[in-house]
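K.L.:
sequence-free structure coming up:
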């Protein structure tokens, strides 16, 4: 069995560009930057940034193009694909390696450009309870393990 899987969490480096294939299928292309922190030989903290080309097809492409903007965080699962084409002007063969989106989630909305426009609604976020644990009121009835759906 072979495996071609990429997992990325980073910030968009440009707004998604939505276009249609001749078949009518939607395609969104954009970039994501990921950071890595490490210590060099001298013990100094260093940071390296990698830039990834990403493409999404169909309904995911439409959703990503509608809600995502440059600077917003995003989690992507996909496969690595390299495509090639000949440059008509120079006759040179070009290559581009990209991540093809299979699954994705929007990030927390932070980062550069993370503000939302008036027409967009923020995704629901879970907040920690601000109550004192001793003030929590538990139900009087017992929980039956057979009622748990998993």
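P.N.:
That came through fine. Computed from a predicted model, the values in this text were never measured in an experiment.
K.L.:
can we go C-alpha only for contacts and neighbour counts from here?
P.N.:
OK.
K.L.:
Local confidence estimate at residue 88?
P.N.:
We have a pLDDT of 84 for residue 88.
K.L.:
hey, what's residue 75 bridged with?
P.N.:
Note on residue 75: beta-bridge partners by DSSP bridges are residue 9, residue 105.
K.L.:
need the contact list for it.
P.N.:
Contacts for residue 75 were tallied using CA atoms under 8 Å, 6 or more residues apart in numbering; they are 7, 8, 9, 10, 104, 105, 106, 107.
K.L.:
can you check residue 106 too?
P.N.:
Contacts for residue 106 (CA under 8 Å, 6+ apart) come out as 68, 73, 74, 75.
K.L.:
coming back round to it: now the buried members of the contacts of residue 75.
P.N.:
Among the contacts of residue 75, those classed as buried by 16 or more other CA atoms under 10 Å are 8, 9, 10, 104, 107.
K.L.:
what comes up buried for the helix or strand harbouring residue 99?
P.N.:
Taking DSSP states H and E as the definition, residue 99 sits inside strand 93-106. Buried residues in strand 93-106, counted by 16+ other CA under 10 Å: 98, 99, 100, 101, 104.
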